[in-house]
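Participant: dropping a prediction and its sequence here:
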Amino acid sequence: MSNSDTKWSADGTNIPNIEPHTKTKHLLIEQYVTDLIYTLYGTGKRGVTNFTIVDGFSGGGIYNDRESHNIWHGSPIRLINAVRKGYLKSQRTYPLNVKFIFIERNKEHLKCLKNVGMSQAEFGQLSDEEPHTFTTEFPKGIGERIEQCEFISDEFENKVNYCVFQAEQRKGHSLFFLDPYGWSDVSMESFRTINRLNKSEIIYTFMINFIKRFIYDPKWTGRTTFEQILETDGYFDINHFQTLDTFGEQAGFRNELIRLFRDKGNAKKIITFAMMPRNEERVLYYLIHICSHLRALEVMKDGSWNFNNLDYQYHYDIYGYGFKTAAYYEEHQLDIKLDINQDSETACINKLSKDIDYLINNNPDGILFKTLCAQTMELNPATRKHYCKYLQLLQDAKEIEIVRKGKRIKITEKTKLENSDIIRRSHQQTLFALRPFIQR
């Protein structure tokens, strides 16, 4: 991403400094794409073999890192690296075919990426925009990886249909990483267009700072444009917002944003990660992940836990559809905010217990593990491992029983839950009896 203060020269003699929150974002994206390739390409008898990865606001590809005094690679370089890491981790011998599309409206920035950043990362050969085949020897044979990069100097909005067409023609799986300059650079129509793809997902950053000065001002001259581009008519009632600096207002705004994407952008599954400056409780921007498949959502949550700390933490309990007002969150913030003195995993399990207990208690004949995850995964920060851990606790306390292919089984750390496993209340106990023990 780049903005008015972020400049690259075509020859790389002038490059911007990298901010700590941007580094965290880059690392999270790199981790996610690595895990995504490993999960979709590297699992099963034969996984997904074709990927189309679009970086809609690629910037110049390199930064100065003031902490290490070294060069920091931007998102285009990290996306390529991530694919290679996932490929090597998979150790599969059938071909992996990936096309990267890098879009940047500033021609100088794009030249820096193509001619300097790619070269410094030792990806110079990909700058010719032709397909390149790489072979790797694995213990079970030789694998083949085909990579191609395309560099486009234009506004992302002008190339959305082209990128979607490329993804459709190539089939397989597509990922759109959209880290725009401001709220006006990606329209709600573009989100709908991408979400119509059968197997696609979007990682989108939404900077609150761009609009916090204006959203509560009835005289804001950009309101009409804001409503037209993001189709916000009926959302973000200004009577509920004053400064967007308080926890409650940020929570309410975030939930309205998610409701908007569900209603107008056809987002099927969606979670957020709050990026927060050090020693502050003010959200700088949200990293929003939109996908259509539960597994992609699970993979993102797995990766984001590696970066869930006191500087860049989740807002717990601000998931779901978000019809509560900002005032509700102001009144209940002590209950819904992560206690920094409590272990994050314990807090996560306590939050998860409320979502899971309700479903199990209301399905006395049992509920599939896959269904349990599908109905609650967007409501809490828990990963699949957290689900298994909590259900194992309930099982050990004889609160539930787990049935696989008609037989009761015992889940341990080595015996994992499967999607088709049935979770049901035990006849010996009443659910919720374990809650006091877990919350100590």
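Facilitator: That came through fine.
Participant: show me the longest strand that occurs in this protein.
Facilitator: Secondary structure of the chain read by DSSP state E shows that its longest strand is strand 141-152.
Participant: and that one, which strands flank it?
Facilitator: With DSSP bridges as the criterion, the sheet partners recorded for strand 141-152 are strand 96-103 (parallel), strand 132-138 (antiparallel).
Participant: Ala167: which of those is closest?
Facilitator: Evaluated with Cβ to Cβ, the strands paired with strand 141-152 place strand 96-103 nearest to Ala167, the distance being 8.9 Å. C-beta coordinates here come from the backbone N, C-alpha and C atoms, glycine included.
Participant: which other residues reach the closest one?
Facilitator: For strand 96-103, contacts defined as Cβ atoms under 8 Å, 6 or more residues apart in numbering pick out 37, 41, 49-58, 76, 79-80, 83, 87, 110, 113, 126, 143-154, 156, 159, 163, 166, 170, 172.
Participant: give me the element Leu40 is part of.
Facilitator: With the criterion set as DSSP states H and E, the secondary-structure element containing Leu40 is helix 20-41.
Participant: and the residue lying closest to Thr133 once chain neighbours are set aside, bridged to which residues?
Facilitator: Distances taken as Cβ to Cβ, 6 or more residues apart in numbering put Ile146 closest to Thr133, at 5.2 Å, once the chain neighbours are dropped. Per DSSP bridges, residues listed as beta-bridge partners of Ile146: Asn97, Thr133.
Participant: so who does the residue nearest the centre of the chain touch?
Facilitator: Centroid-nearest residue in the chain: His289, 3.5 Å away (criterion: Cα atoms, centre = their mean). Listed by Cβ under 8 Å, 6+ apart, the contact set of His289 reads 201-204, 270-273, 296-297, 300.
Participant: out of the residues you listed, which sit inside helices?
Facilitator: When DSSP state H is applied, the contacts of His289 are split such that 296-297, 300 fall in helices.
Participant: would you format the residues you listed as TSV with neighbour count, pLDDT and distance to Ile71 included?
Facilitator: Shown next, in TSV, are the ones in helices among the contacts of His289 (neighbours: other Cβ atoms under 10 Å; pLDDT from 0 to 100; distance: Cβ to Cβ, whole Å):
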residue	neighbour count	pLDDT	distance to Ile71
Ala296	23	89	31
Leu297	22	87	33
Met300	25	86	27
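Participant: mind putting those residues in CSV, distance to Ser119 included?
Facilitator: Supplementary listing: these in CSV, determined by distance: Cβ to Cβ, whole Å:
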residue, distance to Ser119
Ala296, 33
Leu297, 36
Met300, 31
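Participant: between the residues you listed, which is nearest Ala374?
Facilitator: When the ones in helices among the contacts of His289 are compared for distance to Ala374 (Cβ to Cβ), Leu297 wins out at 9.4 Å.
Participant: next one: that closest one relative to Lys140, how far apart?
Facilitator: Distance of Leu297 to Lys140, given as Cβ to Cβ, to the nearest Å: 31 Å.
Participant: can you check Phe177 too?
Facilitator: The spacing between Phe177 and Lys140, counted by Cβ to Cβ, is 32 Å.
Participant: the more surrounded of those two?
Facilitator: The neighbour comparison of Phe177 against Lys140 (other Cβ atoms under 10 Å) goes to Phe177, with 23 against 9.
Participant: could you pull up phi and psi at that one?
Facilitator: Main-chain torsions, Phe177, degrees, to the nearest 10: phi -100, psi 110.
Participant: please verify my assumption that it contacts Ile203.
Facilitator: Yes: when contacts are counted by Cβ atoms under 8 Å, Phe177 is listed as touching Ile203 (5.0 Å).
Participant: so what sits against both of these two?
Facilitator: In the contact map built from Cβ under 8 Å, 6+ apart, the residues linked to both Phe177 and Ile203 are Ile29.
Participant: what about the residue nearest to Thr133, neighbour count?
Facilitator: Here the number of neighbours of Ile146 (other Cβ under 10 Å) works out to 15.
Participant: for it, give me its contacts.
Facilitator: Contacts of Ile146 (Cβ under 8 Å, 6+ apart): 95-98, 131-134.
Participant: ditto for Phe369
Facilitator: 387, 391, 417-423.
Participant: take those residues and keep only those in helices.
Facilitator: 387, 391.
Participant: any chance of a markdown table for the contacts of Phe369, columns pLDDT and distance to Leu230?
Facilitator: Putting these into a markdown table (pLDDT from 0 to 100; distance: Cβ to Cβ, whole Å) gives the following:
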| residue | pLDDT | distance to Leu230 |
| --- | --- | --- |
| Tyr387 | 92 | 34 |
| Leu391 | 94 | 39 |
| Leu417 | 91 | 39 |
| Glu418 | 92 | 41 |
| Asn419 | 92 | 36 |
| Ser420 | 94 | 40 |
| Asp421 | 95 | 41 |
| Ile422 | 96 | 42 |
| Ile423 | 96 | 40 |
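Participant: mind putting the contacts of Phe369 in TSV, distance to Lys370 included?
Facilitator: As requested, those are arranged in TSV below (distance: Cβ to Cβ, whole Å):
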residue	distance to Lys370
Tyr387	11
Leu391	13
Leu417	9
Glu418	9
Asn419	4
Ser420	7
Asp421	8
Ile422	10
Ile423	10
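Participant: any quick ChimeraX command for the buried ones out of the contacts of Phe369?
Facilitator: Under the burial definition 16 or more other Cβ atoms under 10 Å, those of those that qualify are selected in ChimeraX by:
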select :387,391,417,421,422,423
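Participant: which helix or strand in the chain has the lowest average pLDDT?
Facilitator: Of all the helices and strands that make up the chain, the one with the lowest confidence by mean pLDDT, DSSP states H and E is helix 435-438; it has a mean of 48.
Participant: test my guess that Leu379 contacts Asp355.
Facilitator: Yes: contact between Leu379 and Asp355 holds when scored by Cβ under 8 Å: they sit 5.2 Å apart.
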